[in-house]
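Student: With the input below, show me the fold.
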Amino acid sequence: MGAFGALLVVNFALNAQSSSVQTGRHAPALIGRIDENRLATLAGNTRPEAIAENDRGAVAADFAVNHMLLELRRTPQQEQTVEQAIAELQNPKSPQFHRWMTAQQFGERFGASAQDIDTVAGWLKSHQFTVNAVYAGGTLIDFSGTAAAVRNAFHTEIHRLSVNGENHIANMSDPQIPEALGAVVRGIASLTDFKPRALNRRKAVKPSFTFGVGQNQTQAVVPADLATIYNFNPAFSAGFTGQGQTIAVIEDSDLFDNHDWNTFRSAFGLTQYSSGSLTSMHPGGDAGNCAAPGVNSDDIEATLDAEYASAAAPNAAIVVAGCASTEVTFGGSIAMANLVNSANPPNIMSVSYGNCEAENGESGNAIFTTIYQQAVAEGISVFVAAGDEGAASCDAGANSATHGIGVSGYASTAYNVAMGGTDFADSYLNMNSTYWNQQNSSVYESAISYIPEIPWNDSCAGSLLASVFDFTITYGTGGFCASSIAQSDQLQQVVAGSGGPSGCASGAPAFPGIVGGSCAGIAKPSWQSLAGNPNDGVRDLPDLALFAADGIWGHYYVLCFTDPQNGGVPCTGNPSNWAGAGGTSFSSPIMAGVQALINQMMGGMQGNPAVVLYQLAANSGNVCNSSNGDPGQSACVFHNVTMGDIDVNCGGTKDCYGNSSPERGVGRRNNNADGALSTSDSTLNTAYMTATGWNFATGIGSVNVYNLLMSWMAAIPASAPMQ
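Tutor: Here you go, the predicted structure:
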């Protein structure tokens with residue numbers, strides 16, 4: 001790859017100058033005669049909040065709806081061709097191995113035909129829309145118009161809503177299009193201003209209760225601790241520091257202050273890696289759809305992503321790629337689409353935002369498959385935070401789970417690595433002093449070695465936390481969740497590292513936000529075959545997990561974040577007084593940094609890392625039981641987490657565990673081959689608990705970075721050197 005340079009979204013369908021690009025298209029024309037009276041419904045694309053009790057009336061007819069993203073589809077046969085081509089790009093035995101495509105090449109081979117694109121663009125124009133650009137990959141069209149144009153073309157109205165005291169806009173019914181266009185048009189990514197959540201959790205107030213002696217130390221995690229625990233240091237010593245690699249962290253906010261990144265690197269000993277850099281950019285293109293987002297409440301996300309990507313790959317170029325959200329399109333989606341369709345895309349992307357599949361809608365979920373699929377065909381590695389809600393991603397921010405099992409549509413595609421979260425087990429095991437020095441080094445390091453891990457779980461439904469207080473069950477009137485301890489320390493909440501099966505990537509739920517009805521999950525990718533992974537036929541999350549806790553057991557991440565309007569504090573004095581946080585938001589940029597080390601070592605981009613990760617994990621010699629520690633940083637490539645669970649407090653009956661009322665602990669599933677849900681409190685060996693092998697709590701587990709690099713190099717032929 002060349003330098004990460006200027007960005008260009010190729011407009012190949014809207015003017016005469018683009019005709020030379022059209023000639024290479026392989027797809028046949030699919031659209032027949034358009035009859036505006038014969039309509040097809042784009043089912044599953046209405047937010048659950050778009051109901052009468054929230055309705056505050058239609059927006060004005062001239063209300064501007066800018067930069068909508070129309071998604072184009074392939075036939076099943078064409079989709080099979082794309083998947084086969086991507087498989088060959090990842091297969092060392094194929095002559096196409098690592099012969100990555102450009103965005104234009106991808107569009108020529110797999111995009112819609114020029115004739116169909118012209119037809120769709122012409123139809124949009126006939127309904128008074130402005131077609132801003134067609135993306136080079138041939139699967140997205142950026143267009144703008146008014147609410148009246150949306151109503152006339154897509155037969156749905158955009159209304160104002162009041163939801164829990166917040167004002168929103170959303171379409172009130174599923175869009176409809178002429179049947180003839182359905183052969184090519186998949187949907188509109190969004191007709192609503194509901195945006196995803198940044199998946200970080202501010203440092204929790206340490207609970208008022210006390211554990212036993214040796215269990216109450218607070219040991220915050222800084223970059224040097226991270227390097228010791230996950231064995232980065234031998235890789236750094238060998239020169240694998242991310243040199244020459246670009247990591248784009250996807251944002252919808254600008255950084256509050258670039259100096260925070262410099263202060264972070266200086267305080268924690270990263271300035272010795274002099275090639276590391278930070279750039280903020282607003283990746284634009286022909287569509288003119290990437291305005292600067294400015295500083296908003298997500299600036300902490302942008303800050304931690306940049307800092308911890310740099311902690312893991314200190315010589316990499318970190319690019320904070322952010323776009324302002326439009327009336328109906330998330331700025332992060334615009335940034336990703338523009339990067340992937342640019343002339344010089346990044347080597348790696350990290351996404352730390354999410355929202356559950358059953359709320360995103362079919363088109364809202366599909367855009368991530370659309371973008372990530374093209375990304376891996378170009379060689380880009382994509383890492384996505386799995387979520388901070390246990391198995392109940394549709395209940396984010398709630399005190400109890402009522403919508404059942406659901407996962408983030410941002411993380412559930414077959415073309416990204418989904419990153420879950422762990423905590424350290426030293427407090428639970430009463431072994432703080434075994435794993436942490438009492439004095440910090442000059443860069444505030446105190447970790448001694450790898451520390452056994454447990455799933456990150458702040459909920460009273462977590463079995464390990466309950467056991468500390470001698471509760472054998474968590475649910476019901478006699479369970480831990482009903483105790484005064486759980487109530488007084490705010491443990492009745494839906495907070496845990498996320499995992500679960502894809503359930504509603506397409507189709508429509510029968511009840512808002514609940515998997516069911518015509519919902520269907522992403523089909524299980526061929527590479528996700530590993531002992532412990534259920535025979536459920538769908539994509540399962542997460543793939544890996546790294547430390548992501550926010551302080552419940554005394555551990556969290558330190559970051560330099562100084563925005564006083566959003567909870568920042570001055571980065572002066574001892575970093576124990578700096579900002580602190582957790583969440584799978586950290587897991588994603590850290591693992592993106594690990595990938596930068598791998599890319600540097602291998603001499604080129606690696607595409608979808610999940611293919612290799614599962615291949616390596618299939619070798620039992622590469623997987624160690626995390627509960628045994630990793631003495632002397634042994635040959636372990638992965639630490640299989642075998643204690644704990646990601647169960648969260650359940651306030652209903654959907655997918656709940658236990659026979660009491662109210663039932664507690666959403667997220668337990670038995671180990672039957674069919675993956676059937678368990679409602680029996682006698683079924684204790686469940687897949688949402690940790691177990692030997694892959695599990696929904698932490699996936700394969702965490703990594704030993706140096707051993708992962710060495711194993712990767714042994715398993716995969718080196719790429720041609722980057723130009």
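Student: What is the burial count for residue 325?
Tutor: As a burial measure, residue 325 scores 21 neighbours (other Cβ atoms under 10 Å). C-betas here are computed from N, CA, C, even on glycine.
Student: list the contacts for it?
Tutor: Residue 325 makes contact with 193, 195, 252, 293, 331, 334 under the criterion Cβ atoms under 8 Å, 6 or more residues apart in numbering.
Student: That one in helix, strand or coil?
Tutor: Under DSSP: H, G, I helix; E, B strand; the rest coil, residue 325 falls in the coil class.
Student: Check the gap between it and residue 413 for me.
Tutor: Using Cβ to Cβ, to the nearest Å, residue 325 is found at 21 Å from residue 413.
Student: Run a quick neighbour tally on residue 275.
Tutor: Using other Cβ under 10 Å, residue 275 has 12 other residues around it.
Student: Report the contact partners of it.
Tutor: Residues in contact with residue 275 (Cβ under 8 Å, 6+ apart) are 241, 243, 315.
Student: Is residue 335 in contact with residue 251, as I believe?
Tutor: Yes. Assessed by Cβ atoms under 8 Å, residue 335 is found in contact with residue 251 at 7.2 Å.
Student: overlap in contacts of the two?
Tutor: Common neighbours of residue 335 and residue 251, using Cβ under 8 Å, 6+ apart, are 321, 322.
Student: Got a quick PyMOL command for the buried subset of the contacts of residue 275?
Tutor: Those of the contacts of residue 275 that count as buried under 16 or more other Cβ atoms under 10 Å are selected in PyMOL with:
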select buried, resi 241+243+315
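Student: need the contacts of residue 275 in a markdown table with pLDDT, can you?
Tutor: Shown next, in a markdown table, are the contacts of residue 275 (pLDDT from 0 to 100):
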| residue | pLDDT |
| --- | --- |
| 241 | 98 |
| 243 | 97 |
| 315 | 98 |
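Student: Which ones among the contacts of residue 275 map onto strands?
Tutor: Members of the contacts of residue 275 lying in strands (criterion: DSSP state E): none.
Student: closest to residue 118 among the contacts of residue 275?
Tutor: residue 243 (44.8 Å; Cβ to Cβ).
Student: Might you report the residue contacts of the closest one?
Tutor: Remark: with contacts taken as Cβ under 8 Å, 6+ apart, residue 243 is in contact with 275, 315, 316, 600.
Student: buried sites along stretch 35-55?
Tutor: Across stretch 35-55, burial judged by 16+ other Cβ under 10 Å covers 42, 43, 44, 45, 46, 47, 48, 49, 50, 54.
Student: Which residues are in contact with the fourth one?
Tutor: For residue 45, the contacting residues are 171, 174, 175, 187, 188, 191, 361, 362, 363, 364, by Cβ under 8 Å, 6+ apart.
Student: hang on, isn't the first one packed against residue 155?
Tutor: Read that as residue 171. No. Counting by Cβ under 8 Å, residue 155 is not a contact partner of residue 171; they are 9.9 Å apart.
Student: Counting neighbours, go ahead and name the busier of these two.
Tutor: residue 171 (25 against 16).
Student: which residues sit in contact with the more buried one?
Tutor: Per Cβ under 8 Å, 6+ apart, neighbours of residue 171: 45, 46, 47, 50, 150, 154, 156, 157, 158, 159, 191, 192.
Student: Which residue ranges make up each domain of the protein?
Tutor: As assigned by automatic domain parsing, the chain contains the domains 16-194, 198-715.
Student: Among those domains, show me which one is buried the most.
Tutor: Most buried of these, by mean neighbour count (mean count of other Cβ atoms under 10 Å): domain 198-715, with a mean of 23.
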